[in-house]
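>>> I would like to see how this sequence folds:
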Amino acid sequence: MKPMMPKIPFKPFQNEAESLQIADLTLENRTDRISIYGSVDLTRDKEGLAYTRELKQIIDSALAELEKSELPDKIAVEAAETVANPFAQG
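Residues are numbered from 1 along each chain as shown. The predicted model follows:
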């Protein structure tokens, strides 16, 4: 069983700092979106059950947060800003 990252309270849309991993699936919290990328196999075993429960809890929390808000039809997602590497030599 691949170890899961330590449990942290993932509060959807509340900050720009949280990241959570379930197997190889990464969820990154933002104030205007949650980015989900990677993969996870929801297998028919105890590991799959644990992954499914964790993913469902996060999705349920995000859904509750969205449903209690007045939402626009669509937001404008700004491209990420590229900055110079402060550790680069030269």
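
>>> where does this structure have low pLDDT?
The model of the chain has pLDDT under 70 over residues 1-8, 80, 90.

>>> Find the residue closest to the residue nearest to the spatial centre of the chain in space, skipping its chain neighbours.
A centroid search over the chain (CA atoms, centre = their mean) returns Leu27, at 2.0 Å, as the residue closest to the centre. Using CB to CB, 6 or more residues apart in numbering and skipping residues adjacent in sequence, the residue nearest Leu27 is Leu20, 4.7 Å away. Glycine gets a C-beta too; all of them are placed from N, C-alpha and C.

>>> unless I'm mixing things up, Pro12 is touching Arg33, no?
No - with contact taken as CB atoms under 8 Å, Pro12 and Arg33 are classed as non-touching, separated by 9.5 Å.

>>> if we can go back for a sec, run a quick neighbour tally on the residue nearest to Leu27.
Using other CB atoms under 10 Å, Leu20 is surrounded by 21 other residues.

>>> Check for me that it belongs to a strand.
Yes - in this structure, Leu20 lies within a strand as judged by DSSP: H, G, I helix; E, B strand; the rest coil.

>>> Please consider this matter closed, and thank you.
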